[in-house]
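K.L.:
Need coordinates for the following:
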Amino acid sequence: MRHRNKTKILDRKKAPRTAMLKTMAAQLILHEKMKTTEAKAKVIRSYVERLVTKSRPNDLAARRQLMRYVSMPNAVKKLLEVLGPRYKERAGGYTRITKTGAREGDGAQMAHIEFV
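P.N.:
Take a look at the predicted model:
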């Protein structure tokens, strides 16, 4: 039974899944938009929105917490210096997912995820 299990598995074991989430989150932070599958976009949304909320107080403790979740230092720098102050007054909902249809090769549902 899957009662109270909220984690999306994405057909991967834990280590490859966390590595994928870290790199996708870093790329979304650096480029501010990306095209991916709909399921991955929904998982990345919650991951990145937590990071933006943690980056709002621009201090050393926030930097150290963010380094645990994002492997690239330049992505953490952008979170603290650009995205944190940009969304300082916003209560949440920093990203937008736009569905774009099925992929040509395998028919997977694709989506764009971007910062609002």
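K.L.:
Count residues in the vicinity of Met72, would you?
P.N.:
By other Cβ atoms under 10 Å, 16 other residues sit near Met72. The C-beta positions use only the backbone N, C-alpha and C, and glycine is treated the same way.
K.L.:
who's in contact with it?
P.N.:
By Cβ atoms under 8 Å, 6 or more residues apart in numbering, the residues touching Met72 are 26, 30.
K.L.:
before we move on, what about Pro57?
P.N.:
Pro57 makes contact with Gly84 under the criterion Cβ under 8 Å, 6+ apart.
K.L.:
Let's see that with 10 Å instead.
P.N.:
80, 84, 88 (Cβ atoms under 10 Å, 6 or more residues apart in numbering).
K.L.:
Please verify my assumption that Ile50 contacts Tyr69.
P.N.:
Residue 50: Arg, not Ile. Yes. Look at Arg50 against Tyr69 with Cβ atoms under 10 Å: they come within range, at 7.9 Å.
K.L.:
per-residue confidence for Ile44?
P.N.:
Ile44 carries a pLDDT value of 97.
K.L.:
Report whether it is found in a helix, as I expect.
P.N.:
Yes. Counting by DSSP: H, G, I helix; E, B strand; the rest coil, Ile44 is located in a helix.
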